[in-house]
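# Just to be clear, the model below is a prediction. Sequence and coordinates:
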Amino acid sequence: MKPQTLILCHPSEPVLKSLEHQFWHIASRLHLALKSNQLLPGGGKTEKFCYDSIMKHSPESMPERRVRKGVANGFLNYFKIISCKKDMIQKVKDRPSFDEATSKFQAWQSAMSLVLSILQCDYFIINDSDSQIVKELDMNKRQLFFVKVPIFSNSRGFKRRFHFCLRKHSIFRIQHAILKLFSFWIWRTKAVVQRRWFRLLA
């Protein structure tokens, strides 16, 4: 195969760097897919399968049940967002899409690492008080309380609202449940997905 030259042009240097980053990101995923010969169904199908798989099991302990439900809802929300975007673009909806397996598993692990980092924080600020994150956190008032900050306008005129959150009680039990459940679940999901969903590239 002959080497190819790609030229990226844009009048703004920050945008140009962003385009270059996106290009190398796509090229890296393509390289991993060709190297591993493993693809997953795209368009949220893999996340929907993971959601159905998690909801079939009902653990006895309350912390694990809550963690399992939270992880399942994360997959379901991702599936809904992707489905909504696909409905907006008919051409994308009609075409089959695939995801590179290694990158997807790494994204899941990064997301869970972010959750664990948030649980270990004593203070954090959430932008946009109407977000689903605030609503879900507000449901457990025994662990969190919110100090509401009035709406203000920044230099560009955009209105923003912040919530200042403080953990009242330790939640090490939930952290332990997340680590235990997620480690086992990632291992199990890899095995199930490999059996049912992996496609070999020609």
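Everything's here; your move. Residues are numbered from 1 along each chain as shown.

# H10 against Q22, yeah?
No - using C-beta atoms under 8 Å, H10 makes no contact with Q22, being 11.8 Å away. Glycine gets a C-beta too; all of them are placed from N, C-alpha and C.

# I figured E100 hits A27, correct?
No - using C-beta under 8 Å, E100 is not in contact with A27, being 11.5 Å away.

# Can you pick out the residue with more neighbours from the two?
E100 (21 against 11; other C-beta atoms under 10 Å).

# quick one: that one from H25, how far?
Using C-beta to C-beta, to the nearest Å, one gets 11 Å for the distance from E100 to H25.

# what do you get for C84?
To H25, C84 is 23 Å away according to C-beta to C-beta.

# Which parts of the chain are helices?
Applying DSSP state H to the chain gives helices spanning 13-36, 45-55, 62-88, 90-94, 101-119, 132-138, 172-196.

# Buried residues of the fifth one, list them for me.
Within helix 101-119, the residues that qualify as buried by neighbour count (16 or more other C-beta atoms under 10 Å) are A101, K104, W108, M112, V115.

# Point out the other helices and strands that that helix packs with.
Packing partners of helix 101-119 (3 or more C-beta pairs under 8 Å, 6 or more residues apart in numbering; DSSP states H and E): helix 13-36, strand 39-41, helix 172-196.

# Check S36 and give its pLDDT.
For S36, the model assigns a pLDDT of 82.

# Was I right to think it contacts S103?
No - here S36 lies out of contact with S103, judged by C-beta under 8 Å, at a distance of 10.2 Å.

# ok, how many other residues are close to F49?
Considering only other C-beta under 10 Å, F49 is surrounded by 19 other residues.

# What of M55?
By other C-beta under 10 Å, the residues close to M55 number 14.

# Could you number the chain from 55 rather than 1 from now on?
Yes, from this point I'll number from 55; that puts the last item at M109.

# and it, what does it touch?
M109 is in contact with A126, counting by C-beta atoms under 8 Å, 6 or more residues apart in numbering.

# same thing but at 10 Å, please
Going by C-beta atoms under 10 Å, 6 or more residues apart in numbering, M109 touches R122, K123, A126, N127, F129, L130.

# what's the distance between the closest residue to the first one other than its chain neighbours and H64?
Put plainly, it is R122. Closest residue to R122 apart from its sequence neighbours, by C-beta to C-beta, 6 or more residues apart in numbering: I108 at 5.7 Å. Taking C-beta to C-beta as the measure, I108 falls 42 Å from H64.

# which of the two has more neighbours?
More crowded of I108 and H64, by other C-beta under 10 Å: I108, with 19 against 12.

# Quick check, the more buried one in contact with K123.
Yes - between I108 and K123 there is a contact at 8.2 Å, judged by C-beta atoms under 10 Å.

# now the protein, which segments are flagged as low pLDDT?
Residue ranges of the chain with pLDDT under 70: 55, 112-113, 140-148, 176-256.
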